[in-house]
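**Q** Need coordinates for the following:
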Amino acid sequence: MPLLMKTRALRKKTLARQYAVSLLAFLLALLLTHLLWPFTKPSPTPLFFAAIVAAFYGRFGPVLLVSILSALAIDYYFVEPFGELELTLGFLARLGVFILVSALVSWLNAARKRLLDERERLLSQIGGFNDQLRRDIESATLELATANDVLFKTQQRLARSERLAVVGQIAASLAHEIGTPLNAISGHLELLAANHTDHDDTQRRARIIDRQLGFIVGTVKRLLEWTHKKRVVLEPLDINSLIEELLWFVSPMLEKNSVTVNLKQERKLPLINAHRDSLQQVFLNLINNSIDAMPSGGRIEIATRQNHSTGRAEIIFSDSGTGIASEAAQHLFQPMWTNKPSGSGFGLAIAEEIMTDHGGDIQVVEGESQGATFRLTLPPAEADVKEVYQRMAVSDVA
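**A** I've put the predicted structure just below:
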């Protein structure tokens, strides 16, 4: 209702301005006629122009008023008897011509304004279409880029799954093929050690062989466990408590290797949906790698925090060890790749697989001046648990 009243008031104001301009044009034309009277032959031309101006600027009401006034002025000043107004056929004809010409000009001008308004409306509409089209293209481009990124990661995951499937087949075949020989070797080794209890060199060599056999068996076992993942049950977990429990568990090993731990925890971290043993395996692998990188002892820093822009929990593992070369950082998470003499090459690959299954990720932070730094992220417990289970199911099938 207030908008309708404002519209009516604006129309009245516009009409009043048109009448005022039209009357001003007539008065100026009449004044110009009188001023030019002594210098030129008396002519009613300015009055015609006044009617044209009124027709060009105003609507039919102002045009009709100025046309009548101009016709009366011409009859009064330029038609005999001068100085008088008479309702004659000539006056009516002049008045009709004034009104007809002015109305025609007014109609043409109104049509011109309508065309201009329509042109502006079409241009504005085309501009709106262009803006909408540009937004749609940007949105489609972003969606396409996102889809390409997802497709690329899916292809990487499928390729990784294919490699793991091959590794699993090889591991199963390897375990079957070497299981019996290893058992036989282990049995003969026990007999050899039992028959030469008084021979120190034989006992020493038997222990070396036994350790190497244990290493082979352990490697094959870890490989089999990785390629035959079990379905895990997720539960809400407190990251801080999990890390504190793990550090208490490995404290003897840390003390033995002269490694100190500096723990910085953000106390109000969100709970996460996770499998306790799997995450412990990830954290323990990082701690073991740090200990291996600091043979003379050193320092491990573990920090927990929440990324408030994403809502995800972040865990930062840093050590003061030898660090990671840039060319090695590109291969850290590849299965069976390692730069350690006694490494199996599965630790970080398994850690990445576990983090991916939990909807998180693990990244090495490059450019560190000393030691190695890993950043782990995990979604909060409010995230869709079904999505995490579906991701694990896809991994199991692969």
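
**Q** Would you map the helices across the stretch 101-250 of the chain?
**A** 200-227, 239-256 (DSSP state H, counting those that start in this stretch).

**Q** May I see those organised as JSON lines, with mean neighbour count, distance to Ala29 and mean pLDDT added?
**A** Glycine gets a C-beta too; all of them are placed from N, C-alpha and C. JSON lines is the format used below for the helices of the stretch 101-250 of the chain (neighbours: other CB atoms under 10 Å; distance: least, CB to CB, whole Å; pLDDT from 0 to 100):
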{"stretch": "helix 200-227", "mean neighbour count": "14", "distance to Ala29": "100", "mean pLDDT": "72"}
{"stretch": "helix 239-256", "mean neighbour count": "14", "distance to Ala29": "90", "mean pLDDT": "88"}
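
**Q** a markdown table for these, including distance to Ser326?
**A** Output for the helices of the stretch 101-250 of the chain, formatted as a markdown table (distance: least, CB to CB, whole Å):
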| stretch | distance to Ser326 |
| --- | --- |
| helix 200-227 | 27 |
| helix 239-256 | 28 |
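
**Q** quick one: which of these is nearest His358?
**A** For the helices of the stretch 101-250 of the chain, proximity to His358 was assessed by CB to CB; helix 239-256 is nearest, at 11.5 Å.

**Q** List the buried residues for the very next helix or strand once past that closest one?
**A** Once the chain leaves helix 239-256, the next helix or strand it forms, by DSSP states H and E, is strand 259-265. Residues of strand 259-265 classed as buried: 259, 261, 265 (neighbour count, 16 or more other CB atoms under 10 Å).

**Q** for stretch 318-337, same thing?
**A** By 16+ other CB under 10 Å, the buried positions in stretch 318-337 come out as 318-321, 323-324, 329, 332-333, 335.

**Q** Which of these fall within strands?
**A** Judged by DSSP state E, those include 318-319 as members of strands.

**Q** Can you show me the strands along the protein?
**A** With DSSP E, the ranges of strands along the chain come out as 235-237, 259-265, 272-274, 298-307, 312-319, 361-364, 373-378.

**Q** in its sheet, what does the second one sit against?
**A** This points to strand 259-265. strand 298-307 (parallel) (DSSP bridges).

**Q** Okay, buried residues for the partner strand please.
**A** Under the neighbour-count criterion of 16+ other CB under 10 Å, strand 298-307 has 298-302, 304, 306 buried.

**Q** what mean pLDDT would you report for it?
**A** For strand 298-307, mean pLDDT rounds to 92.

**Q** I'd like the buried residues of strand 298-307 as CSV, with distance to Glu314 appended.
**A** Shown next, in CSV, are the buried residues of strand 298-307 (distance: CB to CB, whole Å):
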residue, distance to Glu314
Gly298, 23
Arg299, 20
Ile300, 17
Glu301, 14
Ile302, 11
Thr304, 7
Gln306, 7
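
**Q** and which of the residues you listed is nearest Leu69?
**A** Gln306 (81.6 Å).

**Q** and the closest one, what does it touch?
**A** 266, 268-270, 312-314 (CB atoms under 8 Å, 6 or more residues apart in numbering).

**Q** most neighbours, which of those?
**A** Using other CB atoms under 10 Å as the neighbour test, the contacts of Gln306 are led by Ala313, with 26 neighbours.

**Q** tell me the contacts of the nearest residue to that residue once chain neighbours are set aside?
**A** Using CB to CB, 6 or more residues apart in numbering and skipping the chain neighbours, the partner closest in space to Ala313 is Leu378 (4.9 Å). Applying CB under 8 Å, 6+ apart to Leu378 gives the contacts 239, 272, 274, 312-313, 315, 355, 358-360.
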